[in-house]
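> everything below, folded, please.
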Amino acid sequence: MDSSGGCPHASNAALLAKGAAAEVLLPGDVPAAAVLGHEALKEFMGHPDVAKNARHFTALREGRIPDGWPLRTFATVQGMVTSDGDDHRRLRSLVSKAFTARRVEALRPGIERLADELLDGVEAAAAGAGAGVGDRGGDSGGDGVVDLRARFALPLPMSVISELLGVDEEFRDRLHVLSNQVVATDIAPEATVAANREMVAVLAAVAASRMDRPGEDLTSALIAAREEGGDRLGEAELIGTMIVMIIAGHETTLNLITNAVRALCAHRDQLELIRAGGADWADAVEETLRWDSPVSFFPFRYPTRDLTVDGTLIPAGTPVLAGFSAAGRDPAAHGPDADRFDVMRRTRSATRHLSLGHGAHFCPGAPLARMETTIALRRLFTRFPDLRVAVPEEELPRHRSFVGNSVRELPVVLG
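Numbering: from 1, shown residues only. Have a look, this model is predicted:
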């Protein structure tokens with residue numbers, strides 16, 4: 001795996017041409033596997049002999065994975081993404097209460113107001129009324145170019161998940177920086193250790209604040225569950241759950257909004273189709289999830305016995321990556337035009353993308369991510385119908401990670 005990240009689609013296509021699964025090497029030459037084909041990945045994620053708990057990770061269990069390994073947090077964080085069976089059901093039931101259809105829908109008016117406020121700031125920055133060069137992503141205001149990722153795609157989901165978790169504003173910018181470091185795959189060992197320690201310390205401060213001043217937020221509810229049930233939620237599980245919620249609750253939606261804007265700007269015919277009523281903004285969200293998944297390769301699952309996937313033997317205890325970006329463009333599942341962005345695809349096809357997971361570990365925040373992105377796109381392109389990306393696609397700096405799939409900046413001209 002290329003630790004420096006970059007656009008995954010060409011290498012994904014080359015791997016898929018050889019089979020639905022592949023042996024890969026992770027940073028530090030750790031042997032692993034990736035499942036890339038749509039049907040193979042769907043089956044693998046739901047297989048009864050595939051686990052999420054790192055006690056099944058042979059190299060980790062045998063002490064061959066150092067503390068500074070850049071992917072260690074994905075394996076060792078304590079929470080629902082690294083648990084199985086009863087533990088997973090217990091932790092997921094606590095978190096899922098924040099994402100019921102009723103609670104998510106109740107957030108809609110606030111998200112719409114926030115989107116409009118952020119777009120006011122985007123417009124002010126583009127007109128030169130905002131801050132100068134170097135502020136929040138490097139846009140310069142006066143030349144009409146503004147970094148939409150920094151000023152809109154980031155603060156929208158970060159504010160929403162922070163409100164849900166009860167994270168005070170003073171912590172939010174730092175948590176985003178730390179999240180970036182935690183998901184990076186080319187980070188130095190000492191930086192990995194420092195970022196993880198600081199994230200734990202910041203979230204422990206958030207938890208202490210909510211313990212002193214409990215509110216209607218998820219962190220307060222998790223603390224109450226621990227206090228009331230005694231063993232329902234341990235301290236490490238509390239912090240681990242908060243880490244997962246912060247990272248998954250904003251990084252993925254940030255990438256999704258960014259990727260959707262890029263896709264629509266590059267495919268003006270699809271944008272006009274939505275404006276004309278031939279498709280919906282929700283169709284654009286689903287096609288972006290398939291065509292340019294916000295997560296490229298997600299760590300980890302472990303076979304509990306030797307498994308063969310499309311001719312590739314995956315020994316028990318091997319860390320396996322879920323290749324969402326590859327599965328989304330698998331021609332065997334999505335047809336010979338799988339690499340074409342088509343907002344009408346889901347109305348014609350019974351095959352659904354896997355970018356939000358499958359089975360017991362399907363993303364509980366999926367309804368919120370979909371709603372946030374739909375609101376963001378509708379508000380953005382209604383207000384700025386001539387918005388365009390200011391530089392060619394190949395000049396946009398990519399994430400230095402094979403986990404997250406997006407660009408680090410999105411300079412746009414509002415038109």
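
> helices along the stretch 301-415 of the chain, start to end?
Ranges of helices in the stretch 301-415 of the chain, per DSSP state H, counting those that start in this stretch, are 324-328, 331-334, 345-348, 366-383.

> tell me the mean pLDDT for the first one?
Put plainly, it is helix 324-328. For helix 324-328, mean pLDDT is 98.

> give me the residues contacting that helix.
8-9, 12, 15-16, 34, 36-38, 41-42, 289-293, 295-298, 333-334, 338, 353-355, 405 (CB atoms under 8 Å, 6 or more residues apart in numbering). Backbone N, C-alpha and C define where each C-beta goes, glycine included.

> so for it, what gets flagged as buried?
324-328 (16 or more other CB atoms under 10 Å).

> convert the C-alpha atoms of it to CSV, please.
Extracted C-alpha coordinates of helix 324-328, given in CSV (Å, rounded to 0.1, in the frame of the first residue of the first chain):
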residue,chain,number,x,y,z
PHE,A,324,-14.5,0.6,-0.5
SER,A,325,-13.2,2.8,-3.3
ALA,A,326,-12.3,-0.2,-5.4
ALA,A,327,-15.7,-2.0,-4.8
GLY,A,328,-17.5,1.2,-5.8
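
> what is the rounded mean pLDDT of whichever helix in the chain runs longest?
In the chain, taking DSSP state H as the definition, the longest helix is helix 235-266. The predicted model gives helix 235-266 an average pLDDT of 93.

> ditto for stretch 222-232
Mean predicted lDDT for stretch 222-232 stands at 67.

> ok, stretch 60-69 next?
Stretch 60-69 comes out at a mean pLDDT of 95.

> in that stretch, what's buried?
60, 65, 68-69.

> what of stretch 353-363?
Those buried within stretch 353-363 under the rule 16+ other CB under 10 Å are 353-358, 361, 363.

> now, which of these sits nearest Arg305?
His361 (19.4 Å; CB to CB).

> any idea how far Val183 is from that closest one?
18 Å (CB to CB, to the nearest Å).

> same thing with Asn259?
Applying CB to CB to Asn259 and Val183 gives a distance of 16 Å.

> neighbour-wise, which of these two wins?
Neighbour totals were compared for Asn259 and Val183, and Val183 leads with 25 against 22 (other CB atoms under 10 Å).

> doesn't Pro31 belong to a helix?
No. Counting by DSSP: H, G, I helix; E, B strand; the rest coil, Pro31 is not part of a helix but strand.

> surely it and Ile314 touch.
No. Using CB atoms under 8 Å, Pro31 is not in contact with Ile314; the gap is 10.3 Å.

> and the two? which has more neighbours close in?
Applying other CB under 10 Å to Pro31 and Ile314 shows that Ile314 carries more neighbours, namely 24 against 13.

> which residues touch that one?
For Ile314, counting by CB under 8 Å, 6+ apart, the contacting residues are 21, 33, 303, 306-308, 320.

> return the member of the buried residues of stretch 353-363 nearest to Arg90.
When the buried residues of stretch 353-363 are compared against Arg90 (criterion: CB to CB), the nearest one is His361, at 14.2 Å.

> how much space separates that closest one from Arg92?
Distance from His361 to Arg92, counting by CB to CB: 9 Å.

> quick one: common contacting residues for these two?
In contact with both His361 and Arg92: Met80, using CB under 8 Å, 6+ apart.

> burial measure for His47, as a count.
By the criterion of other CB under 10 Å, His47 has 15 neighbours.

> hmm, I typed the wrong one, I wanted Ser220.
18.

> tell me which helix or strand Val202 sits in.
helix 189-212 (DSSP states H and E).

> now that helix, how far from the centre of its chain.
20 Å (CA atoms, centre = their mean, to the nearest Å).

> got the angle for that helix vs helix 235-266?
Going by axes from the mean of the first three to the mean of the last three CA atoms, to 10 degrees, helix 189-212 is angled at 110 degrees with respect to helix 235-266.
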